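> Need a 3D model of the following:
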Amino acid sequence: MEGKTAIKHGEKVKVLVNGDDRVSPWASYVIQPAKDRQHEEGVAYCQHFWNPPAQDAYVMRHPRPARPASLRVYECHVGISSWEGKVNTYKDFTATVLPRIVKLGYNTVQLMAVMEHAYYGSFGYQVTSFFAPSSRYGTPDDLKALVDTAHSLGLTVLLDVVHSHASKNVVDGLNMWDGSEAGYFHAGERGTHPLWDSRLFNYTLWETLRFLLSNLRLWIEDFGFDGFRFDGVTSMLYHSRGLSGFSGNYTEYFGLNTDTEAVVYLMLANELVKKLLPDQGITVAEDVSGMPALCRPVTEGGTGFDYRLSMAVPDMWIKYLKEVEDDDWSMGHIVHTLANRRWGEKCIGYAESHDQCLVGDKTIAFWLMDKEMYTGMSSLYPMNPVVSRGMSLHKMIRLLVHGLSGEGYLNFMGNEFGHPEWLDFPRVGNGESYHYARRQWNLADDQNLLYRYLNQFDSAMNHLESAHGWLASEPGYVSTKHEDDKVIVFERAGLVFCFNFHPSRSLPDYRIGVEVGGEYQIVLDTDWAELGGHGSRDRQATSHTDSSSKGYNGRRTEMMVYLPARTGAVWRRVGDTSM
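Purely as a prediction, here's the structure:
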């Protein structure tokens, strides 16, 4: 009819390709039939025409925030963001989770599992419809409202985009779209990932490039995303899919194993984001290989990413917590792992990610406190030794990573307060239960539980960074990594960070090197009572540098500080007076 579309908003659409029903690769809204209809319609997702009337369509109201100088990222999964055993919605996430993120001091939200994926348990990494936001959380307009509200709160919003591979689903996926094995993908062995059981894109095909680059543009222009975290970049960069490991030898990066077709696609993708969002676009690479120049501009011959994830850091902490006794922790090795990054290539540090939360592994808090998290987290009684150690190390590890390991910081939702247990999506093996596919915010809100202290510490740490901007400053200068004392000291952004990892030995009048003389006072302490500590240090006391010092540990002067066992603290210069 004139002036009206032939297909009405919300109607089901089928595309017939070579005699088979298919979901359009460009579908913007796909829905799984309701359970009471699946015996007739099946379980595969179906395309529904999304074209709401102009008066009903959501219109973005708020401008994008300025690009953060210091990236403090809160990684989220909308579906598991409720304390209830259910799939949460975009609307509820907007109303209840976004305010938490702001209060915690994060300035960036990273949304995972948004691109439609038929299998909920894939964590969003087996994408079936690339242009459709997941309908299990709500409508496309609900997602637009989420992003718009985040912008109104000053939050930058990144999408976890999966362009490294695609689901093998045929009926409701991209696989076998035209009836052939190729289509958007490589044919034969090269077109299948050996571990992920998924299809691999052929980045030499014009239609594949058009499809993927248009996909990025859609998420930016239609939904307001400010950039992307690219998943599985290591798999893209190498014909071996990164499964052979890396020693750091440059022949591993530049040779016949390098998938130059994928590299060129990533260069194009990064250039597109910069063109569409010249002053605001952010791209992050999930790469474990350490590919040189990955985070340098394309004009310099780089791949064009702004940041890479420091993936060795969470692996190191899990290894230490699983295999190494506290007395045997190596300060030198810890510092090397945190600081080992190429000059001029920004990294995002993190202590743990969503991978450590999944069933079969444990979060840092669970490795530290295990079963005591069920019975020993009451704040109405003194902490037992296991919980006391766990609370202390949980805060110390996060502060050390935040301060030393990158130009950005990332936390997965709930880990900031030591969320207990693991993540396990509904499946046949657990009776389709949602019990472990949720976030128990009530634990952090309960004034009678110790979880609230970890939550408050995370907020204090982020707000201190916001005030001083160490993530946007030069890398930290490490002046002390003492193996016997278990002490790490470094300076960054004019602040002095000191950590004593020794299980039992407190160190009064401990001599440390400082670059700028004067009077220093603690501005954050893992041992403050209001943050779940023991209050071992006098928070009003100040330390003065020694005016007669000829320098110490590579710094111009020195001062004495008190370092109680298993504590970390940050000192700020508050005066010019030396002693």
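> hey, let's count contacts and neighbours off CA atoms from now on
Fine.
> Now do the same contact list for residue 567.
392-393, 396, 499-501, 525-527 (CA atoms under 8 Å, 6 or more residues apart in numbering).
> Repeat the analysis, applying 10 Å as the threshold.
392-393, 395-396, 487, 498-503, 506, 525-528, 533-534, 536 (CA atoms under 10 Å, 6 or more residues apart in numbering).
> where do the strands sit along the stretch 251-400 of the chain?
282-285, 307-309, 347-349 (DSSP state E, counting those that start in this stretch).
> Relative to the last one, what are the paired strands and their orientations?
Yep, that's strand 347-349 we're talking about. Strands adjacent to strand 347-349 in the sheet, as given by DSSP bridges, are strand 307-309 (parallel), strand 408-412 (parallel).
> Quick one: low-confidence residue ranges for this structure.
Low-confidence segments of the chain (pLDDT under 70): 1-3, 359-360.
> so what's residue 521 up against?
With contact set as CA under 10 Å, 6+ apart, residue 521 has these partners: 495-496, 539-544, 570-575.
> on that earlier part again, return the members of the contacts of residue 567 classed as buried.
For the contacts of residue 567, a burial check counting by 16 or more other CA atoms under 10 Å picks out 392-393, 395-396, 487, 498-502, 506, 525-528, 533.
> Just the ones of the residues you listed in helices?
Residues of these located in helices (DSSP state H): 392-393, 395-396.
> and residue 146, what does it touch?
Here residue 146 is in contact with 90-95, 98, 140, 152, 157, 223-224 (CA under 10 Å, 6+ apart).
> Go again with 8 Å.
Shown in contact with residue 146 (CA under 8 Å, 6+ apart): 90-91, 93-94.
> I'd like to know which of the residues you listed is nearest to residue 449.
The closest of the contacts of residue 146 to residue 449 turns out to be residue 93 (CA to CA; 24.0 Å).
> Give me the distance between the closest one and residue 62.
If you measure residue 93 against residue 62 using CA to CA, to the nearest Å, the figure is 18 Å.
> Those two: which is more packed in?
residue 93 (21 against 15; other CA atoms under 10 Å).
> any idea how far the more buried one is from residue 83?
Counting by CA to CA, the separation of residue 93 from residue 83 is 11 Å.
> now swap in residue 154 and tell me
25 Å.
> So these two - more neighbours on which side?
With neighbours defined as other CA under 10 Å, residue 154 and residue 83 compare such that residue 154 has more, 20 against 16.
> OK, contacts around the residue lying closest to that one once chain neighbours are set aside?
Computed as CA to CA, 6 or more residues apart in numbering, the closest residue to residue 154 that is not its neighbour in sequence is residue 65, at 5.5 Å. Neighbouring residues of residue 65 by CA under 8 Å, 6+ apart: 151-152, 154-156.
> Among those, which one has the most neighbours?
Counting neighbours by other CA under 10 Å, residue 156 leads the contacts of residue 65 with 29 neighbours.
> Next, give phi and psi for it.
phi -80, psi 140 (degrees, to the nearest 10).
> got the contact list for it?
Each residue near residue 156 by CA under 8 Å, 6+ apart is listed here: 64-65, 67-68, 107-109, 150, 225-226.
> Likewise for residue 537?
527-528, 562, 564.
> and the two most separated of those residues?
That would be 528 and 562, which, of the contacts of residue 537, are the farthest apart (CA to CA) at 13.9 Å.
> Pipe the ones in helices among the buried ones among the contacts of residue 567 into TSV and attach distance to residue 462 per row.
Compiled in TSV, these are given as follows (distance: CA to CA, whole Å):
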residue	distance to residue 462
392	18
393	18
395	12
396	14
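> Now flag whichever of those residues is closest to residue 366.
Nearest member of those to residue 366, counting by CA to CA, is residue 393, at 11.9 Å.
> Looks like that closest one contacts residue 566 (just checking).
Yes - here residue 393 reaches residue 566: they are 6.9 Å apart, a contact under CA atoms under 8 Å.
> Can you show me the helices along the stretch 1-150 of the chain?
38-41, 90-92, 98-103, 140-152 (DSSP state H, counting those that start in this stretch).
> Highest average neighbour count across these: which stretch is it?
Neighbour counts (mean count of other CA atoms under 10 Å) averaged over each of these peak at helix 140-152, with a mean of 22.
> Strand partners (parallel or antiparallel) of whichever helix or strand comes after that helix?
For helix 140-152, the following helix or strand on the C-terminal side (DSSP states H and E) is strand 156-161. Next to strand 156-161 in the sheet, as set by DSSP bridges, lie strand 108-112 (parallel), strand 227-230 (parallel).
> CSV for the ones you listed, including mean neighbour count and distance to residue 483?
Putting the strands paired with strand 156-161 into CSV (neighbours: other CA atoms under 10 Å; distance: least, CA to CA, whole Å) gives the following:
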stretch, mean neighbour count, distance to residue 483
strand 108-112, 23, 36
strand 227-230, 24, 37
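> Nearest to residue 339, out of these?
Among the strands paired with strand 156-161, strand 227-230 sits nearest to residue 339 (CA to CA), with 21.8 Å.
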